[in-house]
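Colleague: What would the 3D arrangement of this be:
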Amino acid sequence: MATGWAKEGAVQEQIDATVRDGVERARERLARAGESLTHCEACGDEIPGRRREAVPGVRLCVTCQAEADARESAAAGYNRRGSKDSQLR
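Modeller: I've put the predicted structure just below:
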């Protein structure tokens with residue numbers, strides 16, 4: 001496949017890096033699992049029992065978790081997938 005200035009296999013390297021990053025993020029979250037907290041470590045609100053049962057090792061309430069997820073995705077920086085897609089077209 002002609003990729004311009006990109007070296008041979010560059011697209012696959014980007015795909016592999018994206019997968020590695022996703023696996024690493026999942027492993028980091030598993031390492032933090034343990035006993036669920038009864039109250040959110042960020043705001044102190046009570047974490048409902050059903051959430052503690054559904055998400056072992058939960059440390060944040062739904063609101064704080066949504067904010068943390070938004071910060072994490074914003075901090076991800078460069079979107080390799082967008083770049084990869086543009087090269088595949």
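Colleague: tell me the pLDDT at the most centrally placed residue in the chain?
Modeller: The central residue of the chain, meaning the one whose C-alpha is nearest the mean C-alpha position (C-alpha atoms, centre = their mean), is Arg25 at 5.3 Å. If you check Arg25, the pLDDT there is 81.
Colleague: Remind me what the longest helix that the chain contains packs against, helices and strands.
Modeller: Across the chain, the longest stretch assigned as helix under DSSP state H is helix 10-32. Under the contact definition 3 or more C-beta pairs under 8 Å, 6 or more residues apart in numbering; DSSP states H and E, helix 10-32 sits against helix 80-88. C-beta: built from backbone N, CA, C; applies to glycine.
Colleague: re earlier: show me what counts as buried in the longest helix of the chain.
Modeller: Val11, Gln14 (16 or more other C-beta atoms under 10 Å).
Colleague: distance between it and the chain's centre?
Modeller: Centre-to-centre, helix 10-32 and its host chain are 9 Å apart (C-alpha atoms, centre = their mean, to the nearest Å).
Colleague: Show me how far the next helix or strand after it is from its chain's centre.
Modeller: Sequence-wise, the next helix or strand downstream of helix 10-32 (DSSP states H and E) is helix 49-54. Taking the mean of its C-alpha atoms, helix 49-54 sits 21 Å from the chain's own mean (C-alpha atoms, centre = their mean).
Colleague: And helix 49-54, what does it pack against?
Modeller: Using 3+ C-beta pairs under 8 Å, 6+ apart, helix 49-54 is in contact with no helix or strand.
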